[in-house]
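Chemist: I need the structure of the sequence given here:
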Amino acid sequence: MTLLNDFPLNRLQFFLTAPYPCSYLPNQQARSLVATPADLIDADVYSTLIELGFRRSGNFTYRPHCGTCQACVPVRVPVGDFTPDRSQKRTWRRNQELTASRLPLNFIPDHYQLYRRYQAARHSGGGMDQDSSEQYSQFLLQSQVSSFLVEFRERGQVRMVSLVDQISDGLSAVYTFFDPDYPQASYGVYNVLWQIDLCLQLGLPYLYLGYWIAQCQKMAYKTRYQPTQGLLDGRWQTLPKPARKQNC
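Modeler: Numbering: from 1, shown residues only. Below is the predicted model:
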């Protein structure tokens, strides 16, 4: 795959960031390949970039580009072939009281408070646990593409919120945060299952899950959704099943 020769990508410029500490692997330096300018990355362009392994954070569209390290593998689930395992089936049944609503990218105080609780419980000291409402909005509520929020409530209480992008051949799971007081609910697992089901309802073939990192437990869980395809050597191919279950 050649980025610059693929129209409409030849209108973009790609910049390599300076090295920065890797968020996933200890004692590692990371770099990102960044696509600019943001105002040219519309839904069609972004769909092509996703197929090439890019992701976005707010209006920042990037792909890991770390030289000799190839730990970050873009992954997607071909939803028509997906078969849930027994644990996933139990999680699906357990969360049937959740009601999901698709919402525009608007600031909702209940969402922000849940986000702060989630960050404090799951990522304390990582910086995002101190995000202001403005930082939260820049991260989750800015998009140049077709995006929406999904709010999950149980008996009137917000339990989980997801940011989802819709692209030409699927959905892209951008970010999810949930109530950290109910670990037994496995909200993260349920959320992926729900997005797979939404792909099927919309007739979209793939759910893109971002990067799989086998050496990082927080990211290794993504191959539990079988079959999983990874972008390796410039083409999407089926990844082997995980040797053991990982926690989400």
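
Chemist: how far off centre is the longest strand anywhere in the chain?
Modeler: Longest strand of the chain, by residue count under DSSP state E: strand 157-167. Relative to its parent chain, strand 157-167 has a centroid offset of 11 Å by Cα atoms, centre = their mean, to the nearest Å.

Chemist: partners of the following helix or strand past that strand in the sheet?
Modeler: Going down the chain from strand 157-167, the next helix or strand is strand 170-178, by DSSP states H and E. With DSSP bridges as the test, strand 170-178 is paired with strand 157-167 (antiparallel), strand 206-212 (parallel).

Chemist: residues near residue 37, how many?
Modeler: 10 (other Cβ atoms under 10 Å). Quick note: C-beta positions are derived from backbone N, CA and C, even for glycine.

Chemist: and it, what does it touch?
Modeler: Shown in contact with residue 37 (Cβ atoms under 8 Å, 6 or more residues apart in numbering): 12-13.

Chemist: please identify the buried residues of the longest strand of the chain?
Modeler: 158-167 (16 or more other Cβ atoms under 10 Å).

Chemist: try stretch 36-49
Modeler: For stretch 36-49, burial by neighbour count (16+ other Cβ under 10 Å) applies to 41, 45-49.

Chemist: run the chain-centre distance for it.
Modeler: 17 Å.

Chemist: and that stretch, end to end?
Modeler: 12 Å (Cα to Cα, to the nearest Å).

Chemist: okay, the buried residues of strand 157-167 in a markdown table with distance to residue 83 next?
Modeler: Converted to a markdown table, these look like this (distance: Cβ to Cβ, whole Å):
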| residue | distance to residue 83 |
| --- | --- |
| 158 | 31 |
| 159 | 26 |
| 160 | 24 |
| 161 | 27 |
| 162 | 22 |
| 163 | 27 |
| 164 | 22 |
| 165 | 25 |
| 166 | 24 |
| 167 | 24 |
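
Chemist: make CSV from the residues you listed and add pLDDT and distance to residue 108 to it.
Modeler: Formatted as CSV, the buried residues of strand 157-167 follow (pLDDT from 0 to 100; distance: Cβ to Cβ, whole Å):
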residue, pLDDT, distance to residue 108
158, 97, 8
159, 98, 14
160, 98, 13
161, 98, 8
162, 98, 13
163, 98, 12
164, 98, 16
165, 97, 19
166, 97, 20
167, 96, 24
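
Chemist: and the helix ranked longest in the chain, what does it pack against?
Modeler: Counting by DSSP state H, the longest helix found in the chain is helix 187-202. The helices and strands touching helix 187-202, judged by 3 or more Cβ pairs under 8 Å, 6 or more residues apart in numbering; DSSP states H and E, are helix 86-94, strand 147-154, strand 157-167, strand 170-178, strand 206-212.

Chemist: partners of the second one in the sheet?
Modeler: In this case it means strand 147-154. Strand 147-154 has its sheet partners listed here by DSSP bridges as strand 99-103 (antiparallel), strand 157-167 (antiparallel).

Chemist: okay, those strands in CSV with distance to residue 149 next?
Modeler: Formatted as CSV, the strands paired with strand 147-154 follow (distance: least, Cβ to Cβ, whole Å):
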stretch, distance to residue 149
strand 99-103, 4
strand 157-167, 6
